[in-house]
Structure formats: structure tokens, C-alpha cells
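>>> What shape does this take:
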Amino acid sequence: MPPQNLRIAGPTPLPDAIREAGSRQMINHRGPEFKELVSRVSAAMRPAFGTSADVLLLTSSGTGGLEAAVVSFLSPGDPVLAVSIGNFGARFSKIASTYGADVTVLDIEWGRAAEPDAVADAIRAMAAEGRPPRAVLLTFNETSTGVTNPVADLATAIRDVAPEALILVDGISGIGAMPFEMDAWDLDVVITGSQKAWMIPPGLAMVAASPRAWAAAERATMPRFYLDLARHREVLPQGQTPWTPAVSLVFQLDAALSIIAAEGLEGIYARHAACGATARAGLRAMGLDLFADQAHASDTVTSASLPDGVEWSDLDRELLARGLVLAGGQGKLKGRILRIGHLGDVRVGDIVRAMEVLEEGAAAVGAAINRGVAASAARRAGEEHSVALPVATPTRS
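All right, here's what the predicted structure looks like:
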């Protein structure tokens, strides 16, 4: 089996320094060393969120972070507008509905971003029914379609018609890879997850909340215990978490944040933009149709329609035999698209190699594609977007 090129939207490959950090001996999670560790990583994550607020650590998946946001700040019966642009937007909506929120879903055609006017109109319609939304649920980056929402513009539109509504944002696959400004955009709750741009294994959710959100938490009555963010906030000044944390993952997050600081967020954002451009150019050169609206194409995951007559299971088998791991479609896109993740510890060279293998695999299943052009087109695009990006880093195995 050839070396694996893991190109899904998470989990993402682990740099060696982060793998090594996970093998450290345990420490007392109620002791001074852990207190210093938690305080350090919480503060170090703030720039990627674009916030001065506390960033809380939960031992859970990103979905646990979404659930914590819903139950900590809302009450049963609260009118909620869920703006769904794909599979994960639908998940956020379902969580709120499960806990008894009165959810109205604004379903956007998959592959497209939400329009500010459409969101404002939906809020007005709810208000006309006597149900002005207590909260609006947004997705920053929808990995099921490869679309990034214009969250800043959406937030402005929401504030114009519902200034006191809470804006809850699923930022799981975007925070740390693309520019994001929680405070400047006047967002209330932002959630991300460890296995994405943070370059560590699954198992941590990170959540930041605004003063408006914490005021709402005092009134919120949804049932909660483990996922009660107020408990996390209460003990953070003591350098603790309310429940036993995944200590090894916090070690790894600390190592990841050192790597992130050394590269700098602007460099990281430019690198992800270059990788996104590389993937899109390679797929287009191959003759594949990009699925996402290119005005809002994601820099962390790119989707493309499968060639006519090609079954995803057949193509996936050929790619795996060559060491390339891509993702297929989810939900109603299952069997219709392929998805290439390019976030975390990724360079243009990784995506160029993925294009080479994808071309070979597509040819092996008889797809009608352009041969011999994907890698060169991808490489040119990457070079245009970022000068002299390295193919690999010393942290890799």
C-alpha cells in the first residue's frame, strides 16, 4: 500500500510535533501545570476566532459544541431561524429542534451560499407571524458542499432587522484556516473542532460567546449538564474544566498553537487560499464540474460532480489503492460528488499530488476526462496565489 495522502475535511494529517505531544505522560488535571496549560491555549486561540472573549474547551466532537451552544443559550419554544446551506446546517437545525426550539428553516440550494436579503426577509416573515427569532443559526463553512458563507454580510443583515437576536455560528471547518472576526462581525456564539484547521485528533470542541450570549444563558432553560457552557466559564479562571478533560488532546493543541504562531495567521490563510485555488484549477483542467458556486468557494474543501457514468465506490477503490483518501457526497449528494479537503497541515504540493492520483484513478474507471493536464494546471494556480510555498514541513513524518 502506498503512503496515504489523507485529503478529507477532517480528521486532518498530524504534524510530527503534534503526534509526539500526544504521547506525553499524564498530569493532574486539577493541578498547577494543567492550569497553566489551559490558560495558555485558551488565550492563544482568541486571534483565530477574532475575539477577546474566553475560548472554552469541551471534550467532545464539534457536534457536541453545537449542542452545547443550543442548550446553554436557548429555551424550549424559542423561535429560531436556521439558515441551512448543506448537510451540517441541517444538523445544527436538528439539534435545536430536538431540544424543543421552534425552528424555521431557510433552506438554501446546496452548492450556494445564503444571501443577506433572503435571511433578512425570513426574519421579517417570522416577526410578522409574532415569532421574531431569538436566535439565528449560521454555518461559516459547509463541508458537505464546499461553500463558505459570507458571515460578515449575513450578520449585518440580521442586526438590521433583529438587533437582539443571538447569532450562533458553526465555524468548525473554517476557524483557523480562513479569516474570521467574531467581535467585529458582532457574532454571539462561535464553535470549532480540533480535527480541522487545528491539526490535532478529534475530541475537542472550542466555543467562544459574547456578553449578549452570557446574558441569555442566565435565562435559558433547556436541559443541560455535561454541555452546560456556564459551568465551563465558571472554572476557566481556575485553569480547569468542569469535567475530566482529554488531557492528551490539550497537550496536542498546545503544540499546534505553537506551530500556528510560528507561521502566523496571515500566512496560514494565504496557504489555504492557495490550496483551494490549486484544487479548483486541477479539477477544472481535468474537465470536472465544480459543484459549489465559485463566488463562495471554500478554501478548506472543494467539491466536484462525478464524471458521467462513474460510481463513487469504484473511483474510491482506485484512489485508495494509490494512497489517496478523498470524501464522497453526503446526504442528497451521496454518489453525486467527490470532495477534496485541504485544511490543516497541507501544502500546494499535497494537492498537486492528489490531482495526479485522481487523474490516474479516474482513467482507471473509464471516466471521460482530460488527461495529463490536471497537475500542471493545479501547480500554476497554487504558484499564482502564493509565492514559494513549501511542499512539506519539517514536522511531518
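
>>> which residues touch whatever helix or strand Ile259 lives in?
Using DSSP states H and E, the element containing Ile259 is helix 247-263. Outside of helix 247-263, the residues within contact range by Cβ atoms under 8 Å, 6 or more residues apart in numbering are 14-15, 17-18, 20-24, 26-27, 29, 34, 37-38, 40-41, 44-45, 48, 57, 59, 176, 194, 198-201, 203-204, 268, 271, 395. Yep, even glycine has a C-beta here, placed from its N, CA and C like the rest.

>>> Mind checking which of the residues you listed are in strands?
Cross-referencing the contacts of helix 247-263 with the strands (criterion: DSSP state E) gives 57, 59, 204 as the overlap.

>>> avg pLDDT for the helix or strand where Val235 lies?
Secondary structure here is read from DSSP H and E; on that basis Val235 sits in helix 229-235. If you average the pLDDT over helix 229-235, you get 98.

>>> So that it lines up with my notes, have the first residue be 25 from now on.
All set: I'll call the first residue 25, so the last point we hit is now helix 253-259.

>>> Check which helices and strands it sits against.
Contacting helix 253-259 under the criterion 3 or more Cβ pairs under 8 Å, 6 or more residues apart in numbering; DSSP states H and E are the following elements: strand 79-83, helix 86-97, strand 228-233, helix 235-241.

>>> Output it as CSV, nothing but the C-alphas.
Output for helix 253-259, consisting of C-alpha atoms alone and laid out as CSV, is shown next (Å, rounded to 0.1, in the frame of the first residue of the first chain):
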residue,chain,number,x,y,z
LEU,A,253,-21.1,26.2,29.0
ALA,A,254,-21.7,28.3,32.0
ARG,A,255,-20.0,25.6,34.1
HIS,A,256,-17.0,25.7,31.8
ARG,A,257,-16.9,29.5,32.1
GLU,A,258,-17.1,29.4,35.9
VAL,A,259,-14.0,27.2,36.3
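
>>> Which residues outside that helix are in contact with it?
Under the criterion Cβ under 8 Å, 6+ apart, residues 78, 80-82, 92-93, 96-97, 231, 233, 238, 241, 265-266 lie in contact with helix 253-259.

>>> just to revisit the earlier point, as CSV, the ones in strands among the contacts of helix 271-287 with neighbour count would be great.
Putting the ones in strands among the contacts of helix 271-287 into CSV (neighbours: other Cβ atoms under 10 Å) gives the following:
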residue, neighbour count
Leu81, 23
Thr83, 18
Leu228, 26
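
>>> Just put those in JSON lines and tack on distance to Leu350 and pLDDT.
Compiled in JSON lines, the ones in strands among the contacts of helix 271-287 are given as follows (distance: Cβ to Cβ, whole Å; pLDDT from 0 to 100):
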{"residue": "Leu81", "distance to Leu350": "31", "pLDDT": "98"}
{"residue": "Thr83", "distance to Leu350": "29", "pLDDT": "98"}
{"residue": "Leu228", "distance to Leu350": "25", "pLDDT": "98"}
